[in-house]
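Asker: sharing a sequence plus its predicted fold:
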Number of protein chains: 2
Amino acid sequence: MTQADLSSHIERGLSDLRNLVALQSVSAQGRMLPETAAFVTGLLEAEGFTVREVPGDVAPVLIAEAGPADAPATLLIYNHYDVQPEDPLELWDTPPFELTEREGRLYGRGASDDKGEFASRLAAVRAVKDRHGGQLPVRVRWLIEGEEEVGSPSLERVVREQAASLQADGCWWEFGSISEDGRPVAFLGLKGVMCLELRARVADSDLHSSLGAVVDNPLYRLARAVASLRDDTGRVTIPGFLDDLLPVSPADEAAIAAVPGQGETTLATYGITRPLGAPGEYHRRLNLAPVLNVNGWGGGYQGEGSKTVLPAHGFVKLDFRLVPGQTPSRVLELLRAHMDAQNLSDIEIVELEAHQHPARADAGHPFVRACLDAAREAHGQEPIVNPSSGGSGPMHPFMDALDGLPCVALGIGNVGGRVHAPNENIRRADFAKGVAFGVALLERLAGGLQE
Amino acid sequence: MTQADLSSHIERGLSDLRNLVALQSVSAQGRMLPETAAFVTGLLEAEGFTVREVPGDVAPVLIAEAGPADAPATLLIYNHYDVQPEDPLELWDTPPFELTEREGRLYGRGASDDKGEFASRLAAVRAVKDRHGGQLPVRVRWLIEGEEEVGSPSLERVVREQAASLQADGCWWEFGSISEDGRPVAFLGLKGVMCLELRARVADSDLHSSLGAVVDNPLYRLARAVASLRDDTGRVTIPGFLDDLLPVSPADEAAIAAVPGQGETTLATYGITRPLGAPGEYHRRLNLAPVLNVNGWGGGYQGEGSKTVLPAHGFVKLDFRLVPGQTPSRVLELLRAHMDAQNLSDIEIVELEAHQHPARADAGHPFVRACLDAAREAHGQEPIVNPSSGGSGPMHPFMDALDGLPCVALGIGNVGGRVHAPNENIRRADFAKGVAFGVALLERLAGGLQE
């Protein structure tokens, strides 16, 4: 099947994407989640999927299935229909919830993460059905949640409860990207993540700042806490934090060494003025380094000019990115002990959402090889393989509950895709390549996996 | 003149105050400043003052005068008609711009700082005129600005330019307070203040926080900067910051030692859970300690839940309270050097508004003694004398341009007055005492100052 044969499916997929982007499914704010789940269900049912809705803490989880029970292979696909908040709104060049095309790119919240991925995969399913007389030649199971952007609080439970309906030969993970020069970029693992809020309070109400002579300051308390968590190189300095890291295999080191470039496009796209790390460390840090991020900070007067106030309280939002060997519960324990040891016992630590453990697949698994072969075929270029993404997601429950199921991330993101930020986008050409990859993968699995 | 004789003047003063509070003269936001200046001019002109409006950077400065040129003494009064922003609005029990009486207290933005002070003094002027056949027996000069809450950016220039119109035997400063047990609390000096913003930026737009492995974090940069400015005891740790402090006189130490209590009412009123300082240090710190305050902090995601974003930039608002010997320009220089010496050259330091130098009057000056005598007479109690307030204001230009003019702060604030905070208030009884004190001071000055 050539690219030309796919064009009607690509256009229909983009039409689906336009409709999906218009649904403001912001999970952090509980906006339009059941409506979006219902719309996704309709799209799947139209292609012959049976769809079940399993209640989640924040939004319904959809579990869908299509294709013959006796197919030579079963593919599990994982996507999510929720998106990040759109703020700061004023930095968007076009409305975030209207998919807008400019110079070969399609802009909108979720255009890449993750509605674009879902729509391109659904288009591939339609194309393969067309080629096979309206029937899928493989079994496809599809889990689509609406809580990914708030840390997938229900997913682990749902995956464990529904394990029988999710058994498969491998899982096609929800994201992936294509390099500037058209090479597919695969990720075989994800970092863990833990989102926390630190809170400090010194009084019941705001005070005149002259009282700063005799009353402590909650924003200073938080500054001292945050300053103690890392150093200027980005190394996390919580005692014990780095003790549990598993050793890195020579194969992982070799794969990382083969990843081209040092993030030049990323650094240029975002106008990054303060990169971290020594020369040559870019991909090693992204793949392997545990990280502390400060996501947000609020407290006191933030308006124009000044206000000589001593605020009663303040907060900092943090995330930790974890690597194999680390667990959220252990890090939380180390953080609390670190605060207490430094006379910061007054700092309250609030867990914002369910945490995620790190996970990583075996690069030699037949499903991983099938994915990379399909990518090579569809893109006509050698894939770039990252043992782990710098990002996170709920991969660990899938591997843990489904007998070590390998998960492979291959998709349609691009390095200038501004995921989670204003002007999120995909390239139209990458969407088309994503449909072609989906077709190649499904056809390859229809032939069975080669041990 | 008894309290009963003053009652009609007190009621009329409270009516003036109600009208003044209704005018939302928030200088930080440029709201209703010319309107409020015009209203104040009308009140003064109705009492026979000639009033001139001098343009200020943000709001007009009013210079008024009444009483005979050959009077035995001239009193300069300094007040301001602008107020602090009312946010956070949701913590007000009644609307901030409606003066509301509950259980002997009058609530509203500016009820204390500084519209209540102005209204009580105007009521005293009316009462003294009544007693003297409609004529003031002393010369009264009055400077009323509308930029005090943004650091009085024009006042120094105006005081220097208008020095000939402001010559006096002493200045009645814009605030003051009355203790829980009814003792007048005098302040003979003010700390300096400098308001700054620190800004950090790492990129042109927000990033996915997975990039925290390879991109620095602006909120961490700010945390490290702020954490380096003071220690847990509140001591400012910028090298050189404490080197310029003038020695404290034995008379100042004695006055501070005689101030009763250790701030128990303040601590209880505001529910302060983290007081600073060793036991017994409360008033010494308020009078003498230079202070760094963090007024506000903003950056990244501040909404509900979490957002795994790496913000492009962030800011912190600070104020420094300075004591005699320190100057804003020197502190700014030390701060920049301190940042640079710590690998924080990327932190931008922005001066938010005009700064104020510290100032302090000689406690033995005849005008100071006259003020304390009038306070003793009107309140029937021994005044509490603070060499300096913990707060700030533009006292230095008055002293500097007007031949060392002594400035004395005596007024109607109360320790639970929530100045600059939600539910700002005065006690009705204190307003009445303030009118009585004004009458006693004017009458005493009408008899001339005793060397």
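Answerer: That came through fine. Predicted model only: the values in this text are computed from it and were never measured.
Asker: chain B versus residue A:147, what's the distance?
Answerer: 11 Å (Cβ to the nearest Cβ, to the nearest Å). (Each C-beta comes from the backbone N, C-alpha and C, glycine too.)
Asker: who's in contact with the nearest residue to that residue once chain neighbours are set aside?
Answerer: What sits nearest to residue A:147 in space, not counting adjacent residues and going by Cβ to Cβ, 6 or more residues apart in numbering or on different chains, is residue A:58, at 4.5 Å. Contacts for residue A:58 were tallied using Cβ atoms under 8 Å, 6 or more residues apart in numbering or on different chains; they are A:27, A:30, A:33, A:146-147, A:150, A:153-154.
Asker: buried ones among these?
Answerer: Neighbour-count burial (16 or more other Cβ atoms under 10 Å in any protein chain shown) is assigned, among those, to A:27, A:33, A:146-147, A:150, A:153-154.
Asker: quick revisit: please report the distance of the residue nearest to residue A:147 from residue A:116.
Answerer: Using Cβ to Cβ, to the nearest Å, residue A:58 is found at 22 Å from residue A:116.
Asker: before we move on, back to that, could you tell me which of the contacts of residue A:58 belong to helices?
Answerer: residue A:33 (DSSP state H).
Asker: got CSV for the contacts of residue A:58, with distance to residue B:305 and pLDDT too?
Answerer: CSV is the format used below for the contacts of residue A:58 (distance: Cβ to Cβ, whole Å; pLDDT from 0 to 100):
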residue, distance to residue B:305, pLDDT
A:27, 8, 97
A:30, 9, 95
A:33, 13, 98
A:146, 14, 98
A:147, 11, 95
A:150, 6, 87
A:153, 10, 87
A:154, 15, 93
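Asker: what helices or strands is the helix or strand containing residue A:118 leaning on?
Answerer: Using DSSP states H and E, residue A:118 falls within helix A:115-131. If you count contacts as 3 or more Cβ pairs under 8 Å, 6 or more residues apart in numbering or on different chains; DSSP states H and E, helix A:115-131 packs onto helix A:3-22, helix A:33-46, strand A:74-80, helix A:428-446.
Asker: dump the ones you listed to TSV, plus distance to residue B:393.
Answerer: What follows is the helices and strands packed on helix A:115-131, written out as TSV (distance: least, Cβ to Cβ, whole Å):
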stretch	distance to residue B:393
helix A:3-22	55
helix A:33-46	53
strand A:74-80	56
helix A:428-446	62
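Asker: could you tell me the least trusted of those?
Answerer: Least confident of the helices and strands packed on helix A:115-131, judged by mean pLDDT, is helix A:3-22 with a mean of 93.
Asker: list the buried ones in that helix?
Answerer: Neighbour count says helix A:3-22 has A:6, A:9-10, A:12-14, A:16-18, A:20-22 buried, by 16+ other Cβ under 10 Å.
Asker: go on, stretch A:150-168?
Answerer: A:150-159, A:162, A:165-166, A:168.
Asker: do stretch A:444-451 as well
Answerer: A:444-446.
Asker: residues making contact with that stretch?
Answerer: Residues contacting stretch A:444-451 (Cβ under 8 Å, 6+ apart): A:71-73, A:75, A:137-138, A:169, A:366-367, A:369-370, A:373-374, A:377.
Asker: let me have those in CSV, extended by distance to residue B:244 and neighbour count.
Answerer: As requested, the contacts of stretch A:444-451 are exported to CSV (distance: Cβ to Cβ, whole Å; neighbours: other Cβ atoms under 10 Å in any protein chain shown):
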residue, distance to residue B:244, neighbour count
A:71, 82, 16
A:72, 83, 14
A:73, 78, 22
A:75, 73, 26
A:137, 83, 19
A:138, 79, 24
A:169, 74, 20
A:366, 74, 15
A:367, 71, 23
A:369, 72, 17
A:370, 73, 23
A:373, 73, 15
A:374, 72, 25
A:377, 74, 15
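Asker: now find how far off-centre stretch A:398-408 is within its chain.
Answerer: 17 Å (Cα atoms, centre = their mean, to the nearest Å).
Asker: and stretch A:420-435, by the same measure?
Answerer: Using Cα atoms, centre = their mean, the offset of stretch A:420-435 from its chain centre is 15 Å.
Asker: wait, is residue A:171 part of a strand?
Answerer: Yes - under DSSP: H, G, I helix; E, B strand; the rest coil, residue A:171 sits within a strand.
Asker: wait, it sits on residue A:398?
Answerer: Yes - the criterion here is Cβ atoms under 8 Å, and residue A:171 meets it with residue A:398 at 5.7 Å.
Asker: quick check: neighbours shared by these two?
Answerer: Common neighbours of residue A:171 and residue A:398 (Cβ under 8 Å, 6+ apart) are A:76, A:78, A:405, A:407.
Asker: confirm for me that residue A:6 is in contact with residue A:435.
Answerer: Yes - using Cβ under 8 Å, residue A:6 makes contact with residue A:435 at a distance of 5.5 Å.
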